[in-house]
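[1] the sequence and its predicted three-dimensional model are supplied below.
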Amino acid sequence: MRVSEEGLALIRRFEGKRLEAYRDAVGVWTIGYGHTSAAGPPVVRPGLTLSAAEADAVLARDVDPDH
C-alpha cells in the first residue's frame, strides 16, 4: 500500500518530529515521527539522534517497508 503525500503530511503534523530519542506517554522509546523499534530499524535507545533527512527516510520505511 502506498501512502500519499497528503497522508505523510498528516502523519508529520500529528506526530511531530523529534530528532532525539525520548520515552513516549507509555514509556516506549520513540524518535522521528513516532518511530519505535517495533516498526523495525533503527532500534530506538537512549541517546539516539537522527538528522531531519534520516527522520524522513525512517518514516518512509515505516509506512512502506518496500521503500
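    Received, thanks. The model shown is predicted, which means the values in this text are computed figures rather than measured ones.
[2] helix, strand, or coil at residue 26?
    coil (DSSP: H, G, I helix; E, B strand; the rest coil).
[3] from residue 36, how far out is it?
    10 Å (CB to CB, to the nearest Å). C-beta: built from backbone N, CA, C; applies to glycine.
[4] comparing the two, which shows the higher neighbour count?
    residue 36 (15 against 6; other CB atoms under 10 Å).
[5] that one bridge partners, please.
    residue 30 (DSSP bridges).
[6] what's the burial count for the nearest residue in space to residue 48 that is not next to it in sequence?
    In this structure, residue 48 finds its nearest non-sequential neighbour in residue 21, 4.1 Å apart by CB to CB, 6 or more residues apart in numbering. Around residue 21 there are 19 other residues, counting by other CB under 10 Å.
[7] now do the SS call for residue 21.
    With three-state DSSP as the criterion, residue 21 reads strand.
[8] ok, the closest residue in space to residue 7 that isn't next to it in sequence - contacts?
    Leaving aside its sequence neighbours, residue 7 sits nearest to residue 63 (CB to CB, 6+ apart; 7.6 Å). Applying CB atoms under 8 Å, 6 or more residues apart in numbering to residue 63 gives the contacts 3, 7, 8, 11.
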